[in-house]
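A.B. asks: What follows is a protein structure lacking sequence information:
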Ligand code: NAD
């Protein structure tokens, strides 16, 4: 490791357990010398996150539900009091009603549409504005998206729409915050075995399909997703903003499955 992140500190949002993409990113940032704070959603997740945070030397933990303004206010106030400023923020948060991550997209309810877009997209706009106030010297904001944003994948449904809105938000935020030296990007992994990933109908089949057909004949690893995030958070990413960095072993270039699988 090359201490690419030495002297930088930031908040990682969205660790639920050791399989979380946010955890893969946190480990990679820590291995490059970053100092980390974590947010978790409620006490039950807090109990899981505590030992993980401790294993990377992090003691600053905040309880945040992104739909609750008070918890957001409190978390960013704590960050400001403790650190004064931050250099990066990782947003690995998404949610939609599991019942609508199966069946037909046309059955999406108004309520779940609003919830999915609120938690999976608006929350990134909200945390970006708050984080930018703590980045007087510039910084790097990173969110997580998925290729179901612009191509139909089975049962991704309303999350595809939420990720399309999220990717568009990345571009608007990049333009808004660029003059302050703040870069805004997304990492787009292929399917990964996580809590959120398992909520999508047919997740196992999708996982097997991308593994059997991607040019590299495998799925993305937490280490590789972490590595892409390190690039974006480090000074090597200094001229990259408004970008969606795909980490899916090349699956997105395909027009059809491999011939052996037809
Ligand atoms: P995960 O279940 O480990 O993480 C999802 C996180 O979202 C959890 O920590 C959960 O607490 C948090 N969250 C949900 N609602 C919240 C709320 N109201 N307030 C605060 N936090 C809330 O799953 P993951 O797969 O690591 O998901 C992380 C990100 O990666 C998501 O944006 C997801 O869409 C994206 N992603 C996942 C995959 C995949 O296949 N798993 C692929 C591409 C992108």
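C.D. replies: Received the coordinates, thanks. Every value quoted in this text rests on a predicted model; they were computed, and no experiment measured them.

A.B. asks: Quick check: which ranges of the stretch 1-150 of the chain have low pLDDT?
C.D. replies: Residue ranges of the stretch 1-150 of the chain with pLDDT under 70: 1.

A.B. asks: ok, which stretches of it are helices?
C.D. replies: Counting by DSSP state H, counting those that start in this stretch, the segments of the stretch 1-150 of the chain that form helices are 21-31, 42-55, 69-83, 110-117, 123-132.

A.B. asks: just how off-centre is the third one within its chain?
C.D. replies: Here helix 69-83 shows a centroid-to-chain-centroid distance of 20 Å under the convention Cα atoms, centre = their mean, to the nearest Å.

A.B. asks: sorry, back to before: out of the helices of the stretch 1-150 of the chain, which comes closest to the ligand?
C.D. replies: Set against the ligand and scored by Cβ to the nearest ligand atom, the helices of the stretch 1-150 of the chain come closest in helix 21-31, at 3.5 Å. Bear in mind the C-beta positions are built from the backbone N, C-alpha and C, glycine included.

A.B. asks: got the contact list for that closest one?
C.D. replies: Outside of helix 21-31, the residues within contact range by Cβ atoms under 8 Å, 6 or more residues apart in numbering are 1, 5, 10, 12-17, 36, 38, 52, 56-58, 88, 90, 92, 142, 144, 187, 189, 192, 194, 221-223, 225-227, 229-230, 233.

A.B. asks: swap in stretch 166-180?
C.D. replies: When contacts are taken as Cβ under 8 Å, 6+ apart, the neighbours of stretch 166-180 outside the stretch itself are 120-121, 124-125, 128, 132, 135, 138, 141, 143, 145, 149-150, 183-186, 241-244.

A.B. asks: which ones among those come in contact with the ligand?
C.D. replies: Near the ligand, taking Cβ under 6 Å from any ligand atom as the test, the members of those found are residue 145.

A.B. asks: Among the contacts of stretch 166-180, name the buried ones.
C.D. replies: For the contacts of stretch 166-180, burial is judged from neighbour counts taken by 16 or more other Cβ atoms under 10 Å, and it is met by 120-121, 124-125, 128, 132, 135, 141, 143, 145, 149, 183-186, 241-244.
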